[in-house]
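S.K.: Model the structure of this input:
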Amino acid sequence: MMEDSTPQAPPAVSPWSIVLVDEVRMELPSNSPVVILREQDAPWRELRIPVGMTEGNYIAYGMKKIDTPSPLVYDLFLDILERHQVSIEAARIVGVKGKLFIAELDTMGPKGRQVVQCRPSDAIALAVRTKMPIPVLVAEWVFATVYHAGA
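M.R.: Just a heads-up that it's a prediction; the model follows:
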């Protein structure tokens with residue numbers, strides 16, 4: 001039997017990595033929490049994103065599904081989106097400038113697909129509070145930049 005000697009293209013590398021919102025941690029001596037995103041698949045890199053104290057609390061509450069006496073601002077925002085038939089399709093970390101990360105929300109609604117820039121903390125807080133899980137993605141070049149810089 002003759003083997004096919006046709007050259008095979010290497011597997012395509014995705015420009016995105018799916019990450020899990022692993023934890024919110026206080027890393028001393030900093031006064032601000034850090035959200036740790038960990039890749040879902042190998043090589044299991046992690047990204048540490050500093051956030052404000054309030055945003056860190058909102059993310060932690062969402063991760064632990066802690067009920068509050070009244071809706072938090074992210075719950076209110078998700079309720080408004082739902083009532084206007086807008087869904088969040090993905091939360092993405094799309095850039096990094098020094099220690100500042102840049103994010104966006106990919107949304108779908110009556111006017112079609114819209115991409116909205118936002119802070120990573122807002123994207124993550126919304127992602128952990130949705131009824132249906134939405135993917136949190138990190139651009140491959142963000143990981144490459146962070147790991148090259150040794151951050």
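
S.K.: in the sheet, who's paired with the residue nearest in space to the middle of the chain?
M.R.: Geometric centre of the chain, nearest residue: Val136, 3.5 Å, by Cα atoms, centre = their mean. Note on Val136: beta-bridge partners Val19, Ala91, judged by DSSP bridges.

S.K.: just checking, Ala139 touches Val94?
M.R.: Yes - in this structure, Ala139 is within contact of Val94 by Cβ atoms under 8 Å, at 5.3 Å. For glycine as for every other residue, the C-beta is placed from the backbone atoms N, C-alpha and C.

S.K.: Helices along the chain, start to end?
M.R.: Remark: helices assigned in the chain by DSSP state H are 53-63, 73-83, 120-129, 140-149.

S.K.: so how far is stretch 142-151 off the chain centroid?
M.R.: The chain centroid and the centroid of stretch 142-151 are separated by 17 Å, computed with Cα atoms, centre = their mean, to the nearest Å.

S.K.: quick one, phi psi at Glu27?
M.R.: Backbone torsions for Glu27, taken as degrees, to the nearest 10, come to phi -110, psi 110.

S.K.: What about it, how many residues nearby?
M.R.: Using other Cβ atoms under 10 Å, Glu27 has 11 other residues around it.
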